[in-house]
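> Below is the structure, and that's it, no one-letter string:
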């Protein structure tokens, strides 16, 4: 279905934008390379899955990316929060649009497809969350995520 490819394109584009918020240039490059390798493995997994099960589509890939986006932004937000930044605000708007489209597409498949499809989508989102967490543990966004969290929370609370 064309909607799958549209959702995939939006998720890939947004995921690449999220990676750009890694403050340290060297870590940004490392994380981008690792994410690209993971995306290539996901594409291979999707192809193999479709060959074995006789399915067609890319929904596993965009669901993994949706889980990755949510987890990655939660890890990055304390480090990069800047409420006055137009770039940051536009990223958050884009994230909401992409994730809302993801949810709507999953609901569509919930209504129109077999239950196993929705189960596969949920499992793929969980895989995306695990993938983002493992990338974060392998190459952290910064050395001071904990300090960054506390500083940003204080900024948000004091206005």
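Sure thing, it's come through. Note that the coordinates shown come from a computational prediction; the quantities given were computed from them, not determined experimentally. Residues are numbered from 1 along each chain as shown.
> Pretty sure residue 45 sits against residue 60.
Yes: assessed by Cβ atoms under 8 Å, residue 45 is found in contact with residue 60 at 7.0 Å. C-beta: built from backbone N, CA, C; applies to glycine.
> okay, the two: which has more neighbours?
The residue with more neighbours, out of residue 45 and residue 60, is residue 60; 23 against 15, by other Cβ atoms under 10 Å.
> Helix or strand: which one has the more buried one?
Here residue 60, judged by DSSP states H and E, is contained in helix 59-80.
> Spatially, what comes nearest to residue 133 if we skip its sequence neighbours?
residue 71 (6.1 Å; Cβ to Cβ, 6 or more residues apart in numbering).
> pLDDT score for that neighbour?
Here, the pLDDT recorded for residue 71 equals 89.
> Provide a list of residues in contact with it.
Taking Cβ atoms under 8 Å, 6 or more residues apart in numbering, we find residue 71 in contact with 128-129, 132-133, 136.
> Go through the residues you listed and name the one nearest residue 40.
Distances from the contacts of residue 71 to residue 40 were compared by Cβ to Cβ; the smallest belongs to residue 128, at 15.1 Å.
> Who are the contact partners of that closest one?
Each residue near residue 128 by Cβ under 8 Å, 6+ apart is listed here: 63-71.
> 6 Å instead?
Residues in contact with residue 128 (Cβ atoms under 6 Å, 6 or more residues apart in numbering) are 64, 67-68.
> Quick check: pLDDT value at the closest residue to it other than its chain neighbours.
Computed as Cβ to Cβ, 6+ apart, the closest residue to residue 128 that is not its neighbour in sequence is residue 67, at 2.5 Å. pLDDT, residue 67: 95.
> Count residues in the vicinity of residue 67, would you?
Quick note: residue 67 (other Cβ under 10 Å) scores 24 neighbours.
> That one is in contact with residue 121, isn't it?
No: assessed by Cβ atoms under 6 Å, residue 67 is found out of contact with residue 121, at 9.9 Å.
> Could I get the buried residue list for the biggest helix by length in the chain?
Secondary structure of the chain per DSSP state H: the longest helix is helix 25-53. Across helix 25-53, burial judged by 16 or more other Cβ atoms under 10 Å covers 27-28, 31-32, 34-35, 38-39, 42, 46.
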